[in-house]
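Enquirer: coordinates for the following, if possible.
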Amino acid sequence: MEQYELELLAKFGDKDEELKKLWDEHLMYEKQLEKFENKSFLTPQEESEIKSIKKQKLHGKTRMNELLEKYKSREG
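Expert: Numbers count the residues shown, from 1 in each chain. Next comes the predicted model:
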């Protein structure tokens, strides 16, 4: 994320529950993916789980970007 977007998150995250929830989930998904990155071998189940986490993360990031665009236009 760009610095400006992080600043918007800090500014509006306390006021916008959905934005805060999406950001918290994004960080949680990052941590989950980091655990898998440290492994030298992944089982097929773990690979499937990684794909699922990445899809959820992408969906959340898309929605978060939509909300941030709304705040960017307000800041203008």
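
Enquirer: got a pLDDT number for the residue nearest the centre of the chain?
Expert: In the chain, the centroid-proximal residue (Cα atoms, centre = their mean) is residue 26; its distance is 2.6 Å. What the model reports as pLDDT for residue 26 is 96.

Enquirer: which residues touch it?
Expert: Going by Cβ atoms under 8 Å, 6 or more residues apart in numbering, residue 26 touches 57, 60-61, 64. To be clear about C-beta, it is placed using only N, CA and C from the backbone, and glycine gets the same treatment.

Enquirer: ok, residue 22 to residue 66 distance?
Expert: Distance check for residue 22 against residue 66: by Cβ to Cβ, to the nearest Å, it reads 10 Å.

Enquirer: can you give me the strands in the chain?
Expert: Listed in chain order, the chain contains no strands at all (DSSP state E).

Enquirer: any idea how far the helix ranked longest in it is from the chain center?
Expert: The residue-count maximum for a helix in the chain (DSSP state H) belongs to helix 44-75. Relative to its parent chain, helix 44-75 has a centroid offset of 5 Å by Cα atoms, centre = their mean, to the nearest Å.

Enquirer: thinking again about what came up before, which one among the contacts of residue 26 gets closest to residue 10?
Expert: residue 64 (13.4 Å; Cβ to Cβ).

Enquirer: for the chain, give me the ranges with low pLDDT.
Expert: Within the chain, the ranges that satisfy pLDDT under 70 run 76.

Enquirer: please redo it, this time with the cut-off set to 90
Expert: The model of the chain has pLDDT under 90 over residues 1-2, 4-5, 38, 72-76.
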